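In: Here is my input, please return the structure:
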Amino acid sequence: MARTAPLSRSTRTLRPALLARFPASACAQAAWLALTALTPAVALAQTTPPAAEPQRIEITGSAIKRIDGETALPVQVITREEIDKAGLTTAAEIVGRMSASANNLTDGVSIGTGGFRDQMGFNSANLRGMGTSSTLVLLNGRRMANFASPGDDSGVDLNNIPAAAIDRVEVLLDGASAIYGSDAIGGVINFITRRDYQGVDLSAYAGITGEGGASKKKASISAGFGSFNKDGFNLFGVLDAQKTGSLRTSQRKFISDLKIPERLPHLLSGVPNPANIRLSGDQRDYLQSVNFEIGGKPIETRTINLSAPGCNPPHSLYLPDGIGGEDACTYDYMRDLELYPKSDKVSAFGRGVVDLGSGHQAFAELSLTRAKSYYVGTSNRVNALMDVSLIPELAATGLASVDPEMLVRLRLLEAGQRTSELTSTGQRFVTGLTGVLAGWDYDLGLNHSTSKVSDRDVQGYLNQTMVEEGIADGRINPFGPSSAAGLTLLEQAQIREEVRRATGTMDSIDVRASKPLMALTGGDLALALGAEFRRETQKYHQSDLLAADLILGEVSQGAAADFSNSRKVAAAFAELSAPLTKQLELQLALRHEHYEVTGGATSPKIGLRYTASKELMLRASAGSGFRAPSLTDLYRPITGGTSATLPDPVCMAENDNDLTYCADLWETRTYSNPALKPERSRQFSFGAVFEPSSKWSLSADFWSVQKTDLISTIGDDVILSNLDKYESLVHRYNEDEGFSDCDYDPDDSLICFIELRKENRGAQRVSGVDLNASLRDIRTGMGTFGARLSGTWTLSSKQQTGNNDPYVSNLGKFVNDGVVQRWRHNLAVDWESGDFGATVSNSYLSGYEDQNNAIDTNTGLVVGANKVKAYSLWNLSGSWAVTRALTLRGGVQNLFDTAPPYSNQAYFFISGYDPSYTDPRGRFFYLSAQYQFK
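Out: Predicted structure coming up:
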């Protein structure tokens, strides 16, 4: 759906005339712009100049104001029309269609976690697959406060973008630290709102899925009055509300078609209902000695279930090859889960501008957003001790004489599913002055932006002590329906309160100005200068119950987890555009940015643009960038979590390679580091744009980025697979290291926790080619046709996990936390005839090698190799301009009801497919109506 600036209306109509009027400066300034990105420009043409003096504007990637039409925008552009044709209603949906984005954070990643992972609800952009923290998201060219919740990713929550106010999206695919500073290593996405709008725009939207669930409703009103050119002012506002319905696994046939219990039994859970019992070695030996049987056969393992092989389908299944084993039951949590959250999103955006006279303007912007989502995960689980005497089948064997207590592993279906209400709100107020002063185009702005996140437990989270006591005294029955007293206890144990909240604030003042300095052979030598000062603050609080680690199903960060940290940032930059000849332009840019505590970083950039002919343009650029550590990276208190199911080599050596005992979800603790340095990057690009006629254009740009001093932790899987190097990060009970909660026991070599510490380590290398093609205004007897293609062919994507470690490639291969597909594209074909129009589009992601490292804890084998199929979605939409004021649209997303391809990935909670890029909704039908009057 992305297109490049050669397709813009202004390029087609204004550019030839303006170039004829200003041939030298146009070529020069066109070159300057093109060097800051990797997207196509168009060739030069000549025609009669317009009568009116064109307006200079600022374009993403430059602080020098230019005339719209002198050159193509050096960015990919997604217009409002293209957004409407695709039926997209949120910023996250728009980003998901970009061919250059990969491994974004989505609702699909958040769902099912039940608060188990931090930063739930965060929707982010990830250009080049280099990480959310390396993609800078702007609103009208200025920063926003990052998502407030602390975690490994730092960036703007796309829920805080007022989508209904968007006029276009400009995507700069080149590193832009020399212009914007930190975080712009992978690129910049600039959401630009409408300007100088008059009239009223009413719109309504409704969508349903073919199989039910995940419905969507949306309504918005936009209004503006006052013409800036005529009246000297303009006021514009948008109010948008949308509601989506939840989607349960039971509503999707593809979940059962994936055959997860058969294919991935070891990726399910060993905590079912009725409960599994975990015997000690002595208890198992005793039961074997008295010929105790389950399902008519003697027990062989230490995990048993008294209901096996019946279990309790469809949630709890008898899967001899499952994680529960042949004497117990396995819990299929994919039958007890939601795939898509219920949500309510409201946004309001307003902008006003007034002419102060003498070439000066005052403006103000206000943005208010709120996204409330309900993330429904699995029912809670508990491991609790129970007296043998309360279990008649075992009490009759005399087992109490060996050990009177045993461990039961129970899924608390009677308590309901874990449900979290996640509310992400954004507030942003910007005010400033623009104009011309002493020949300088200037822009001065004050920016106050906040992000607030509230996480509230709604259902299924329980007071752990009360549950454990209820099991111990028999009120909660782990092996069947509980008594009325047990159900009452479960209701009393429910935690329904805000358990954590976070606030992020950014206050800044910035100024930038540009002007031509002198005439060169190719045009004016232009200079831009700018400075910025901002203060960033992050606050975090968890409830008393969570701080005391009393909530079953939640991970506490300890009693000292609350924090409030801030820092100051100062920056100055300069840009120079030097048109050396009418064909050749040199670009230079330099920015220095200083972060309190972390220190400073200087980012230079140099570029060249050569217009070989009227049909062909060549360009190249090189520069460096940086990413400063986030406040979370620097100051967050120790954070507890768990690993994936991994084997402990020490345990394996001591227990005859028994994966049923030695493969587990080990506790992890992540440590921040106030001594972190910025990540550094070097990037270069070169490319060509070919436009033999006004009807079509083609471009290809090679790009390469290398990051060093990565801010990261060593993965728990890497640590356990290389204990010779990383054993010091694994803390065991038989190591007396002074940890109060790792009770020293010289005879217990099990893992207490694995240490994950933030450090500057390793490097990342990514390279590829961006391809863009456009066919436009093809007039036939059947109507007018057009087509556009944007694609990214990634040539290399690899990363070191630690200093001096070998590079590991995630190109076409799922590694660690995701995959970068080798080829991604978006293709659209448009048709128009009179009042009617239609668009057929396709989004495509190539197949890849699966994660292939999940452990079958019963067989001791790694899961069989799998190749994930390519993911190709076709969409169809149509429009009818009923009158000049009323337009109706309708469409079908995922026209052929393509299901997510099977994957054996074990990183995300959801099993059977990768939720980071797939859409579980299936075929989706929508209708919309838009009424405009002025």
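In: where's G460 relative to P481, distance?
Out: Using Cβ to Cβ, to the nearest Å, we find G460 at a distance of 18 Å from P481. To be clear about C-beta, it is placed using only N, CA and C from the backbone, and glycine gets the same treatment.
In: again with T794
Out: T794 is 54 Å from P481, by Cβ to Cβ.
In: Looking at these two, which is more packed in?
Out: Counted by other Cβ atoms under 10 Å, T794 and P481 do not tie: T794 has more neighbours, with 24 against 8.
In: secondary structure element for that one?
Out: strand 783-800 (DSSP states H and E).
In: mind checking how far that strand is from the chain centre?
Out: 20 Å (Cα atoms, centre = their mean, to the nearest Å).
In: what packs against the helix or strand that that strand is followed by?
Out: Proceeding N to C from strand 783-800, the next assigned helix or strand is strand 807-809, under DSSP H and E. Packing partners of strand 807-809 (3 or more Cβ pairs under 8 Å, 6 or more residues apart in numbering; DSSP states H and E): strand 783-800.
In: For the strand it packs on, what does the pLDDT average out to?
Out: In this model, strand 783-800 has a mean pLDDT of 95.
In: Paired strands for it, with orientation please.
Out: strand 763-780 (antiparallel), strand 807-809 (antiparallel), strand 823-833 (antiparallel) (DSSP bridges).
In: Of all those strands, which one is nearest T505?
Out: Among these, strand 763-780 comes nearest to T505, with 30.2 Å by Cβ to Cβ.
In: Quick check: buried residues in stretch 444-460?
Out: By 16 or more other Cβ atoms under 10 Å, the buried positions in stretch 444-460 come out as 445, 447, 449-460.
In: Filter the residues you listed down to just the ones in strands.
Out: 445, 447, 449-459 (DSSP state E).
In: Looking at those, which is nearest L337?
Out: Closest to L337, out of all of those and judged by Cβ to Cβ, is Q459, at 14.1 Å.
In: residue contacts, the nearest residue to that closest one once chain neighbours are set aside?
Out: Distances taken as Cβ to Cβ, 6 or more residues apart in numbering put T419 closest to Q459, at 4.2 Å, once the chain neighbours are dropped. For T419, the residues meeting the contact criterion (Cβ atoms under 8 Å, 6 or more residues apart in numbering) are 114, 374-377, 457-460.
In: ok but T419 is inside a strand, no?
Out: Yes - checked against DSSP: H, G, I helix; E, B strand; the rest coil, T419 lies within a strand.
In: pLDDT score for the residue nearest to D443 when sequence neighbours are not counted?
Out: The shortest distance from D443 to any non-neighbouring residue, by Cβ to Cβ, 6+ apart, is to T434 (4.8 Å). The model reports T434 with a pLDDT of 96.
In: quick one: which of the ones in strands among the buried residues of stretch 444-460 is nearest L517?
Out: Closest to L517 out of those is G445 (24.3 Å), distances taken as Cβ to Cβ.
In: you'd agree that closest one is up against G432?
Out: Yes - using Cβ atoms under 8 Å, G445 is in contact with G432, at 3.5 Å.
In: And the residue nearest to Q459, what's its pLDDT?
Out: With respect to pLDDT, T419 scores 93.
In: How far off centre is stretch 583-594?
Out: For stretch 583-594, the separation from the chain centroid amounts to 31 Å (computed by Cα atoms, centre = their mean).
In: Do me a favour and average the pLDDT over that stretch.
Out: When pLDDT is averaged over stretch 583-594, the result is 93.
In: now do stretch 475-490
Out: Mean pLDDT, computed over stretch 475-490, is 96.
In: What of stretch 398-410?
Out: Per-residue scores along stretch 398-410 average to 93.
In: okay, it in PDB with CA atoms only?
Out: C-alpha atoms of stretch 398-410 as PDB (Å, rounded to 0.1, in the frame of the first residue of the first chain):
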ATOM      1  CA  GLY A 398      -0.400 -46.500  52.900                       C
ATOM      2  CA  LEU A 399       1.700 -43.800  51.000                       C
ATOM      3  CA  ALA A 400       1.500 -41.500  54.000                       C
ATOM      4  CA  SER A 401       4.000 -43.700  55.800                       C
ATOM      5  CA  VAL A 402       6.600 -42.600  53.100                       C
ATOM      6  CA  ASP A 403       5.700 -39.000  52.800                       C
ATOM      7  CA  PRO A 404       2.400 -37.500  54.100                       C
ATOM      8  CA  GLU A 405       2.400 -34.500  51.600                       C
ATOM      9  CA  MET A 406       2.500 -34.400  47.900                       C
ATOM     10  CA  LEU A 407       2.500 -31.700  45.200                       C
ATOM     11  CA  VAL A 408      -0.600 -31.100  43.100                       C
ATOM     12  CA  ARG A 409      -0.500 -29.100  39.900                       C
ATOM     13  CA  LEU A 410      -4.000 -27.700  39.300                       C
END
